[in-house]
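[1] Curious how this folds, go ahead:
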Amino acid sequence: VTSSLPYSIFNPLSMFVLLKGATKEQSFKIGQEIAEAVTATNPKPVKLKFEKVYLPCVLQTKKRYVGYMYETLDQKDPVFDAKGIETVRRDSCPAVSKILERSLKLLFETRDISLIKQYVQRQCMKLLEGKASIQDFIFAKEYRGSFSYKPGVCVPSLELTRKMVAYDRRSEPRVGERVPYVIIYGTPGVPLIQLVRRPVEVLQDPTLRLNATYYITKQILPPLARIFSLIGIDVFNWYHELPRVSLLNSTRSMTVERLGLKFPVELKILFMCYKKQSRLIRNKYSYGRSKQHYKVELMIIY
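    Numbering: from 1, shown residues only. As a prediction, this is how the structure comes out:
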C-alpha cells in the first residue's frame with residue numbers, strides 16, 4: 001500500500017502453487033504469467049511478485065518448509081533453503097540439524113529411501129557405540145538470570161548455573177549467554193534434569209556417557225518423522241531394526257581365579273542385544289608394557 005509518505009509499505013505474504021509434473025523452465029514461465037495476470041486485475045499499486053521455484057520441495061506445515069531453491073531460470077545449482085524446521089532452528093543440538101539436512105539432500109537428489117535409511121542407521125550406530133563426536137550433541141540454551149525463572153522450574157541452563165555458583169560464585173553466566181550442556185545416561189526413572197552435565201564433565205570423567213537413547217528417540221528421529229511420515233515412511237522402525245548396544249564404562253579389576261589368568265586384568269565388556277541369542281563373538285588380549293596386567297575386551301550379542 002502506498003501512502004502520502006515518501007515510502008511504500010508492503011505486506012510480504014507468500015503463496016505456494018503446486019505445478020504437478022512441471023519442469024523448472026515451465027515453472028518459471030507459468031509463475032511469471034500468474035504474477036502478471038494477478039497484478040493486471042488489481043488496482044495499482046497492488047502487485048504480485050513471482051519469487052522463486054522450489055524443485056523439489058517439502059511443505060511440512062504452515063511456515064515450515066524446505067526445498068531446493070531456484071531464483072532465476074539460468075541458475076544451475078540449487079540452494080538448500082529451509083524455513084521453520086530443525087536445520088535452521090537453534091533449540092536443538094548440531095547433530096539433529098546435520099542428520100536432517102543430509103537426509104533431505106539424499107531424498108532430493110536420489111529419491112532412494114534405502115540410502116537414507118542406511119545413512120540414518122549408520123549415524124545412530126555411531127552414537128550407540130560411543131564413536132560420535134560430543135561437539136555434535138551439545139545443547140546451548142539461553143540463561144535469563146537466576147531471578148527470571150519460576151520456583152521449581154526445571155531448566156538445564158539454570159540447573160548447571162546453580163551447580164557452578166555453588167562451587168564458584170564468579171562463574172555465573174551473563175544474562176542472555178548460552179549455557180552448553182549434554183544429556184548422559186543415568187539410573188532408570190531418574191528425571192531428565194538430573195542427567196544434565198557440562199561437556200567438560202563428560203570429557204573428564206570416562207564413566208559418563210552420552211545418552212544415546214535420548215538423543216536418538218527424542219531429538220534425531222522426531223524431526224525426521226515429521227518429514228518422512230508425509231510419504232508414508234516410519235523412521236522409528238529403522239531404529240528398532242538396529243542391534244541394541246549398551247556400553248558399560250566402569251572398568252572392573254578381576255581376580256586371577258575368576259579369569260584363570262596369571263596377572264591382574266582390567267575387564268571392559270561391551271554388550272549387544274539382538275534376536276535373543278547368546279554367543280561370544282570376539283576376544284581380544286593385549287599385554288601392557290610392564291606385562292603386569294593385560295586387558296580383555298569382550299563383545300557379546302544376546
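[2] where exactly do the helices run in this protein?
    Counting by DSSP state H, the chain has helices at residues 24-40, 94-110, 113-128, 156-167, 199-204, 212-214, 221-228, 235-240, 256-259.
[3] any chance of the ones you listed in JSON lines, plus mean neighbour count?
    Where C-beta positions appear, they are placed from N, C-alpha and C, glycine not excepted. JSON lines is the format used below for the helices of the chain (neighbours: other CB atoms under 10 Å):
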{"stretch": "helix 24-40", "mean neighbour count": "14"}
{"stretch": "helix 94-110", "mean neighbour count": "18"}
{"stretch": "helix 113-128", "mean neighbour count": "17"}
{"stretch": "helix 156-167", "mean neighbour count": "16"}
{"stretch": "helix 199-204", "mean neighbour count": "14"}
{"stretch": "helix 212-214", "mean neighbour count": "19"}
{"stretch": "helix 221-228", "mean neighbour count": "19"}
{"stretch": "helix 235-240", "mean neighbour count": "15"}
{"stretch": "helix 256-259", "mean neighbour count": "10"}
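[4] can you put those helices in CSV and add mean pLDDT?
    Listed next are these as CSV, based on pLDDT from 0 to 100:
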stretch, mean pLDDT
helix 24-40, 94
helix 94-110, 97
helix 113-128, 97
helix 156-167, 88
helix 199-204, 94
helix 212-214, 95
helix 221-228, 98
helix 235-240, 97
helix 256-259, 38
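[5] Tabulate these in a markdown table, adding columns for distance to Val66.
    Listed next are the helices of the chain as a markdown table, based on distance: least, CB to CB, whole Å:
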| stretch | distance to Val66 |
| --- | --- |
| helix 24-40 | 17 |
| helix 94-110 | 6 |
| helix 113-128 | 14 |
| helix 156-167 | 28 |
| helix 199-204 | 29 |
| helix 212-214 | 25 |
| helix 221-228 | 8 |
| helix 235-240 | 16 |
| helix 256-259 | 55 |
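[6] closest to Met15 out of those?
    Among the helices of the chain, helix 24-40 comes nearest to Met15, with 9.6 Å by CB to CB.
[7] list the helices and strands the closest one packs on?
    strand 53-61 (3 or more CB pairs under 8 Å, 6 or more residues apart in numbering; DSSP states H and E).
[8] I am finished for the moment; much appreciated.
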